[in-house]
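In: Quick check, what structure comes out for this input:
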Amino acid sequence: MRPKKPLTVTNFGNFLVMFEMSQILNCGLDQKTLSILASLIENGVNPEALAAVVKELKRETDALKVNLLFDF
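Out: Just a heads-up that it's a prediction; the model follows:
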């Protein structure tokens with residue numbers, strides 16, 4: 001496993017831009033989640049496969065929330 005890159009002003013600036021874009025696109029990702037996803041991609045995970053997994057997890061989470069609301 002490669003060592004982590006040190007956090008630089010440029011890296012942090014790029015991250016903030018990515019986070020702002022995710023907010024504009026209403027992706028529903030917090031900074032920690034976005035950071036984890038970016039790290040996975042940097043380490044070779046296929047971005048399209050990762051996006052599919054995130055979408056499925058969101059869909060499942062939303063379904064569970066709906067079920068909890070109507071179980072009472």
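
In: Show me the helices in this structure, by range?
Out: Here the chain has its helices, by DSSP state H, at 9-24, 31-42, 47-70.

In: highest average neighbour count across these?
Out: helix 31-42 (a mean of 14; mean count of other Cβ atoms under 10 Å). Any C-beta I mention is one placed from the backbone N, CA and C, and that applies to glycine too.

In: Pull the residues that contact it.
Out: The contact list for helix 31-42 (Cβ atoms under 8 Å, 6 or more residues apart in numbering) reads 15, 18, 19, 22, 29, 47, 50, 54.

In: Just put the helices of the chain in CSV and tack on mean pLDDT.
Out: Converted to CSV, the helices of the chain look like this (pLDDT from 0 to 100):
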stretch, mean pLDDT
helix 9-24, 88
helix 31-42, 92
helix 47-70, 91
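
In: now residue 68: how far from residue 28?
Out: 18 Å (Cβ to Cβ, to the nearest Å).

In: now swap in residue 36 and tell me
Out: Applying Cβ to Cβ, the value for residue 36 to residue 28 is 14 Å.

In: so what's the backbone phi/psi at residue 28?
Out: Phi and psi for residue 28, reported as degrees, to the nearest 10, are phi 80, psi 30.

In: ok, it touching residue 58?
Out: Yes - with contact defined as Cβ atoms under 8 Å, residue 28 reaches residue 58; the gap is 6.7 Å.

In: what residue lies at the spatial centre of the chain?
Out: For the chain, the residue nearest the mean C-alpha position is residue 34 (3.6 Å; Cα atoms, centre = their mean).
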